[in-house]
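Undergrad: Whatever this is, show me its structure:
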Amino acid sequence: MSATDLLETIPCPLCGRDDAAERHRVRDHLFGRPGEFRVVQCNGCGLVYLNPRPTLEGLAAHYPRAYFCYTPVLSGALPPWLAMSGIVWHLNVRRIRQLERVFGRVPREARVLDVGCGCNAFLYHLHRLRGCDTLGVDTQAEVVEAIRRRLGMSAVLGPLPRAGLSAESFDGVGMYEYIEHEGSPREILAEARRLTRPGGWLALETPNVDSPLARLFGRKWCQLDAPRHLVLYTPRTITMMLEQSGYEVVAIRRLTYQWMLGFSILVALGLRRLGRLGPLEAALGVAATLPFLPVPWFCPEFMRVYARKRD
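TA: Here you go, the predicted structure:
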């Protein structure tokens, strides 16, 4: 049995009930690995999650070196400043600006943690724009080493509860495109709360499984991203998760990424290796997206959630 075959059956990660209805059966559309996964919805609280799901040991095999969140730091083809430019710069500057519209300007003396930091792009741009102290956490040892070596930034190996960080040592915590990958979200959020100073903030970004595009594409919605996305949220269920973990939700902002519509169109067309798109497939995706470019503005499929630590 290979690592990718290791599965476990779980109760609902939010309410603990073992009573869920199947919503979709999906495949790995990013790397085209064999197998089918069940996306279920809890009959109690409404949380959507993968069940059965890969075990912690099995999950590692679904994050190869070619995973797009890692390539800017693992690839030696570009210098860091160039790898972090363009769309990566634009995305993270938008994140910083919206964060500051909710909580105010991040001061230079602030200490900020990013959980599931990937290539560390959010902290890279936050440090350069605001000069604050930062620390990234990721579960991939090669990525952590590359952040230290190529970016010259601080990073530690996770998961977060095993990172050995001191209580109340951060002013804010980011979780951008991370919480949906986490099989034990309440444990991670509770640890993030422990690490945050009184009144500190949490900013997370995640797909909205109740969005119009999620309903339109159904099992072909690219943000299902089985088996990497273990838990998917609506504004209601992410609010419940945060409140149960000791946070007060301050704001929820809907947002869109134009190019993501193209990925869902490619999945609907039957492509199953989006993580390794060739020029022809990429051109096809752009061509399929162009007639529908205004659609995501009216049907945002992501949300940014802002919360404060509750005393």
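
Undergrad: Tell me where the stretch 151-300 of the chain has helices.
TA: 185-195, 212-217, 235-244, 258-268, 279-289, 295-298 (DSSP state H, counting those that start in this stretch).

Undergrad: what's the following helix or strand after the shortest one?
TA: Using DSSP states H and E, the next helix or strand after helix 295-298 towards the C-terminus is strand 302-309.

Undergrad: Sheet partners, orientation included, of that following strand?
TA: strand 196-207 (antiparallel), strand 247-255 (antiparallel) (DSSP bridges).

Undergrad: Now render these as CSV, adding mean pLDDT.
TA: What follows is the strands paired with strand 302-309, written out as CSV (pLDDT from 0 to 100):
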stretch, mean pLDDT
strand 196-207, 97
strand 247-255, 97
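
Undergrad: what's the closest of these to residue 153?
TA: The closest of these to residue 153 is strand 196-207. By Cβ to Cβ, the value is 18.7 Å. The C-beta positions use only the backbone N, C-alpha and C, and glycine is treated the same way.

Undergrad: In that closest one, which residues are buried?
TA: By neighbour count with 16 or more other Cβ atoms under 10 Å, strand 196-207 contains the buried residues 196, 200-207.

Undergrad: For stretch 38-52, buried residues please.
TA: Quick answer for stretch 38-52 (16+ other Cβ under 10 Å): 38-42, 45-51.

Undergrad: Just the ones of the residues you listed in strands?
TA: Secondary structure assignment (DSSP state E) places 38-42, 48-50 from those within strands.

Undergrad: will you turn those into JSON lines that also has pLDDT and distance to residue 190?
TA: Output for those, formatted as JSON lines (pLDDT from 0 to 100; distance: Cβ to Cβ, whole Å):
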{"residue": "38", "pLDDT": "97", "distance to residue 190": "27"}
{"residue": "39", "pLDDT": "98", "distance to residue 190": "25"}
{"residue": "40", "pLDDT": "98", "distance to residue 190": "24"}
{"residue": "41", "pLDDT": "98", "distance to residue 190": "24"}
{"residue": "42", "pLDDT": "98", "distance to residue 190": "20"}
{"residue": "48", "pLDDT": "98", "distance to residue 190": "21"}
{"residue": "49", "pLDDT": "98", "distance to residue 190": "18"}
{"residue": "50", "pLDDT": "98", "distance to residue 190": "21"}
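
Undergrad: ok, now how distant is the nearest residue to residue 12 once chain neighbours are set aside from residue 230?
TA: Distance criterion Cβ to Cβ, 6 or more residues apart in numbering; nearest residue to residue 12, sequence neighbours excluded, is residue 42 at 4.2 Å. Using Cβ to Cβ, to the nearest Å, we find residue 42 at a distance of 14 Å from residue 230.

Undergrad: Report the set of residues contacting both of those two.
TA: residue 49 (Cβ atoms under 8 Å, 6 or more residues apart in numbering).

Undergrad: Identify the spatial nearest neighbour of residue 123, chain neighbours not counted.
TA: residue 134 (4.0 Å).

Undergrad: now the end-to-end length of stretch 31-51.
TA: Stretch 31-51 has an end-to-end distance of 20 Å (criterion: Cα to Cα, to the nearest Å).

Undergrad: and that stretch, how far out from the chain's middle?
TA: Taking Cα atoms, centre = their mean, to the nearest Å, the mean C-alpha location of stretch 31-51 is offset from the chain mean by 16 Å.
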